[in-house]
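Colleague: coords please:
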Amino acid sequence: MNDNEMRPVTIITGRVWRNKGDDSQGVHVLLVAPDDDTAVRTALEALAREGYAEAELDQIGDMDGVPDDEPHLSAFQGAIEGAVSIVTFDEAF
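Modeller: Alright, predicted model coming up:
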């Protein structure tokens, strides 16, 4: 990949907890990183800054295109602009 090519947006999925013992929330972290190791490390640092006590990351991959719906559309745009975007949601049981 040369410097003129845009890196793909990486999505990391998993679960997070605000406090140990609390109910978990689903999480999608969107960011641009040079490799998977950097992406995971950056995602964990961002989650810690946002006050999450624990995180369990399950999958990592590159997005296949621009999402159609919010909040992922805004998160994708934020990632392209250099932010680490965090989307949380209640998990289905």
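Colleague: list the contacts for the residue nearest the centre of the chain?
Modeller: Nearest residue to the geometric centre of the chain (Cα atoms, centre = their mean): Val29, 0.8 Å. Residues near Val29 by Cβ atoms under 8 Å, 6 or more residues apart in numbering: 11-14, 43, 46-47, 84-87. The way it works is simple: take the backbone N, C-alpha and C, and place the C-beta from them, glycine included.
Colleague: Can I get the buried ones among these as something I can paste into ChimeraX?
Modeller: Buried residues within the contacts of Val29, by 16 or more other Cβ atoms under 10 Å, are selected in ChimeraX with:
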select :11,12,14,43,46,47,84,85,86,87
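Colleague: So which of the contacts of Val29 are in helices?
Modeller: Under the assignment DSSP state H, the contacts of Val29 contribute 43, 46-47 to helices.
Colleague: Quickly note the distance from the nearest residue to Asp23 once chain neighbours are set aside to Ile60.
Modeller: In space, and not counting its chain neighbours, Asp23 is closest to Trp17: 7.8 Å by Cβ to Cβ, 6 or more residues apart in numbering. Here Trp17 is placed at a distance of 20 Å from Ile60 (Cβ to Cβ, to the nearest Å).
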